[in-house]
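Participant: here's a sequence, model it:
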Amino acid sequence: MSVNLTPNSIPAIVTGDVNSKPLVQVLDIKPISNKANQERYRLLLSDAVSTQHAMLATQLNDRVRTGRVKTGSVVQLIEYICSPVQNRKIIVILNMETIIPVCEIIGNPKSFGESDLTAQKALPNMQQSSRVNNNYLVAQNPSDNVQSFRPTVQPPYRPPPVYKNRGAIMKNEAPARVIPVVALNPYQGRWAIKARVTAKGDLRRYNNARGDGKVFSFDLLDSDGGEIRVTCFNAVVDRFYDAIEVGKVYLISKGSLKPAQKNFNHLKNEWEIFLESNSTVELCPDEDGSIPRQQFSFMSISEIESVENNSILDVIGVVISVNPSVPILRKNGMETQRRVLNLKDCSGRSVELTFWGEFCNREGQKLQEMVDTGFFPVLAVKAGKVNDFSGKSIGTISSTQLFINPDFPEARRLRDWFDQGGKDAASLSISKELVPGGSKNDVRKTVSQIKDEGLGRSDKPDWITVRATVSFMKTDAFCYTACPLMIGDRQCNKKVTRSGNTRWQCDRCNQEFEECDYRYLLQAQILDNTGITWVTAFQESGEEILSHPAKELYLLKYEQQDDEKFSEIIRRSLFNQYLFRLKVKEELYSDEQRVKITVVKADKVNYTSESRHMLDFISQFYRQ
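Facilitator: Residues are numbered from 1 along each chain as shown. Next up is the predicted model:
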């Protein structure tokens, strides 16, 4: 059987004709690796006269792996782009069909560099020939001189129309070809993608050997479900940070593609777009709504048990408990907030979810108010990070998105399951077993456990939560006068003394001033059913316990000398039950090691949440 390849198709493609669907033959296939360590395949294509190198798009790699395309195969190019790379052109194949899996080498083809002159002269004859050969494989039988035709039915890729500038951020000089996100690769010249912004990262500043800088990223989703991250640095940040809005659709072009940094980029794309000084971003109308708002790949909680540490995933569940927000000191000395929740789904498992930073105050506070009123909302988490410390848990990162009671099928099914009996169904936590709703630095303990377990005697402090009652407070030195001056970005807060009748002096700052601050230094006893211990409460936690500013009580006791009113405030603060967040650390006092217990936060007990916690704790023993 003889096969007629599309005449002069290689010269036509190289000179810019990408609208036909030529038949070509694969003469060679070689695997190559890129900087992202992902395998790609380079092909040598022939039209029986000329040859040209081509690159297979990664979504077609399985064609080679499964043997559907091999050396000698005759294929029809359905969708392709020809891009210049280092003063030569490479054909990037985005879609193709195998017509004959194996065939002998047709003709005596040579590299297009050797035969381009002849091919160019023959180009005018190609149009008439391609009317047949672009759509049919011609096979001739010498014995009966009968030709048979095999049509191909897959239409070529037709790019959507390019929207003109309607409220443009930056106007493009000439429209580039709009292609799907999945078709992006570094071998293309001009391109454009139309996609919706699904997430926008915070503006971050950094310092390295090259100096100071700033960076932000945003994620895109197109109508075909392709996702890719876009990153901007320094001057480009100033152009686009305020203009990019989550949920809006943009036409983006003139960016460079580089391998995605998988340590920071969770999207399923081997490339990442970097916008440059000549890049363009145009706001597009979203009239047809063809681009989805968000794309999820939910994993059940039971499946998370086998997921590797630091994996990024999507999860959905019903919020069954929410802990109050607590301050945490990071390694860099900066303070942030942390809030711990528990999610449950129909797989019979629950998981600990930790909010960090602003998530604690925005979505975290809203969820706590909902749960405290007896309503358990559905929460969808986009891009949560897996932690495997003492079981599996999930934490938020800068690119995490939270959706409370979202309106899509997975959420509705989960709501129906929970309301129809799932609320009372037993579930096993895949997070650590110590306390449901806890986290690695914030575990429930009793007062007696502080001493019995030797807490605070290691190199690092122990952070625990104790439900206890304030039984006694020292009132002779419950607060002190503090320096209000700033040292750098922090207040001095050292104790100050009177300098004359109206002024105060700080020995540390060596300055005098008219007004000082008043800060709590409260020594109190707390007790539960297991024991009693002393704790120290500073400014914020002191106000939470006494419900009055330190200055008010100081003036009441020492200047107004209203002992009766002062004592009444102290009496009202006793025998109230709190959830104390405690820092337990051994420190040196007068050459003697002593365990110091500091109140980091004191929240009055919410008995609804506390009852739910106790029931969860009891259920742990029945499952063991």
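Participant: if I pick residue 315, what's in contact with it?
Facilitator: For residue 315, the contact set (Cβ atoms under 8 Å, 6 or more residues apart in numbering) comprises 298-299, 301, 304, 343, 351, 380-381, 384, 394. Bear in mind the C-beta positions are built from the backbone N, C-alpha and C, glycine included.
Participant: which of those fall within helices?
Facilitator: Using DSSP state H, the subset of the contacts of residue 315 located in helices is 301, 304.
Participant: is it possible to export the contacts of residue 315 to TSV including distance to residue 198?
Facilitator: Listed next are these as TSV, based on distance: Cβ to Cβ, whole Å:
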residue	distance to residue 198
298	15
299	18
301	23
304	22
343	22
351	24
380	13
381	14
384	15
394	19
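Participant: tell me which of the contacts of residue 315 fall in strands.
Facilitator: 343, 351, 380-381, 384, 394 (DSSP state E).
Participant: quick check on the contacts of residue 315: which are buried?
Facilitator: Buried positions within the contacts of residue 315, assessed by neighbour count (16 or more other Cβ atoms under 10 Å), are 298-299, 301, 304, 343, 351, 380-381, 384, 394.
Participant: picking that back up, can you tell me which two in the contacts of residue 315 are farthest apart?
Facilitator: Pairwise distances across the contacts of residue 315 peak at 14.6 Å for 304 and 380 (criterion: Cβ to Cβ).
Participant: beta partners for the closest residue in space to residue 513 that isn't next to it in sequence?
Facilitator: Once flanking residues are discounted, residue 513 sits nearest to residue 504: 5.8 Å by Cβ to Cβ, 6 or more residues apart in numbering. Judged by DSSP bridges, the bridge partners of residue 504 are residue 498, residue 513.
Participant: what segments of the stretch 301-450 of the chain are strands?
Facilitator: 312-322, 326-329, 335-344, 349-356, 378-387, 393-395, 401-404, 428-429, 443-444 (DSSP state E, counting those that start in this stretch).
Participant: grab the most central residue of the chain for me.
Facilitator: Centroid-nearest residue in the chain, with Cα atoms, centre = their mean: residue 399, separated by 3.1 Å.
Participant: one step back: for the buried ones among the contacts of residue 315, which one is nearest residue 104?
Facilitator: Checking the buried ones among the contacts of residue 315 against residue 104 by Cβ to Cβ gives residue 299 as the nearest, at 49.1 Å.
Participant: hang on, that closest one packs against residue 314?
Facilitator: Yes. Distance between residue 299 and residue 314: 6.6 Å, which falls inside the contact criterion (Cβ atoms under 8 Å).
Participant: so residue 475, which of the three states?
Facilitator: Classification of residue 475 using DSSP: H, G, I helix; E, B strand; the rest coil returns coil.
Participant: and for it, the neighbour number?
Facilitator: 16 (other Cβ atoms under 10 Å).
Participant: distance of it relative to residue 556?
Facilitator: Distance of residue 475 to residue 556, computed by Cβ to Cβ, to the nearest Å: 11 Å.
Participant: intersection of neighbour lists for those two?
Facilitator: Residues touching both residue 475 and residue 556 comprise residue 566, with contact defined as Cβ under 8 Å, 6+ apart.
Participant: that's a helix at residue 614, yeah?
Facilitator: Yes. With three-state DSSP as the criterion, residue 614 is located in a helix.
Participant: pLDDT weak spots in the stretch 201-350 of the chain?
Facilitator: 263, 287-288, 329-334 (pLDDT under 70).
Participant: what ranges does the chain have for its helices?
Facilitator: Counting by DSSP H, the helices of the chain are 9-14, 61-65, 112-122, 126-133, 235-240, 301-304, 358-361, 363-372, 409-419, 447-452, 539-546, 550-554, 563-573, 607-623.
Participant: what's in contact with stretch 64-76?
Facilitator: So stretch 64-76 is contacted by 3, 5, 21-29, 41, 43, 56, 60, 62-63, 96-106, 137, 152 (Cβ under 8 Å, 6+ apart).
Participant: count the residues that sit near the residue nearest to residue 513.
Facilitator: 20.
Participant: so for it, what pLDDT did the model give?
Facilitator: Here, the pLDDT recorded for residue 504 equals 90.
Participant: which ones are touching it?
Facilitator: Contacts for residue 504 (Cβ under 8 Å, 6+ apart) come out as 481, 483, 496-498, 512-516.
Participant: mind checking which of the contacts of stretch 64-76 are buried?
Facilitator: 3, 5, 21-27, 29, 41, 43, 56, 60, 63, 96-100, 103, 106, 137.
Participant: return the subset of those lying in strands.
Facilitator: Judged by DSSP E, the buried ones among the contacts of stretch 64-76 include 3, 23-27, 29, 41, 43, 56, 96-100, 137 as members of strands.
Participant: nearest to residue 232 among these?
Facilitator: Using Cβ to Cβ, residue 56 is the member of these that lies nearest residue 232, at 30.6 Å.
Participant: for that closest one, what are its contacts?
Facilitator: Contact partners of residue 56, counting by Cβ under 8 Å, 6+ apart, are 40-43, 63-64, 93.
Participant: got the residues you listed as TSV, with distance to residue 112 and pLDDT columns?
Facilitator: Formatted as TSV, the contacts of residue 56 follow (distance: Cβ to Cβ, whole Å; pLDDT from 0 to 100):
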residue	distance to residue 112	pLDDT
40	21	82
41	20	88
42	15	89
43	14	92
63	24	89
64	23	90
93	16	87
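Participant: could you tell me how many residues sit around residue 591?
Facilitator: If you count neighbours by other Cβ under 10 Å, residue 591 ends up with 5.
Participant: how far away is it from residue 253?
Facilitator: To residue 253, residue 591 is 71 Å away according to Cβ to Cβ.
Participant: wait, doesn't residue 235 sit right on residue 277?
Facilitator: Yes. Judged on Cβ under 8 Å, residue 235 makes contact with residue 277 at a distance of 6.9 Å.
Participant: hey, what's residue 233 bridged with?
Facilitator: residue 215.
Participant: sorry, slip of the keys, the one I care about is residue 595.
Facilitator: Assessed by DSSP bridges, residue 595 has beta-bridge partners residue 586.
Participant: tell me, what's the model's pLDDT at it?
Facilitator: Listed pLDDT for residue 595 reads 90.
Participant: next: residue 453.
Facilitator: Listed pLDDT for residue 453 reads 87.
Participant: what's around the spatially closest residue to it that is not a sequence neighbour, how many residues?
Facilitator: Once flanking residues are discounted, residue 453 sits nearest to residue 445: 7.6 Å by Cβ to Cβ, 6+ apart. Applying other Cβ under 10 Å, we find 21 residues neighbouring residue 445.
Participant: now residue 293
Facilitator: Count around residue 293 with other Cβ under 10 Å applied: 14.
Participant: for residue 269, see how far away it is.
Facilitator: Distance from residue 293 to residue 269, by Cβ to Cβ: 19 Å.
Participant: cool, and residue 20?
Facilitator: As judged by Cβ to Cβ, residue 20 and residue 269 stand 29 Å apart.
Participant: next: residue 398.
Facilitator: Taken as Cβ to Cβ, the span from residue 398 to residue 269 is 18 Å.
Participant: comparing those two, which residue is more hemmed in?
Facilitator: Neighbours per residue, other Cβ under 10 Å: of residue 398 and residue 269, the larger number sits with residue 269, 20 against 15.
Participant: surely that one meets residue 228?
Facilitator: Yes. Using Cβ under 8 Å, residue 269 is in contact with residue 228, at 4.8 Å.
Participant: hey, what's in contact with both of those two?
Facilitator: By the contact definition Cβ under 8 Å, 6+ apart, residue 269 and residue 228 are jointly contacted by residue 181.
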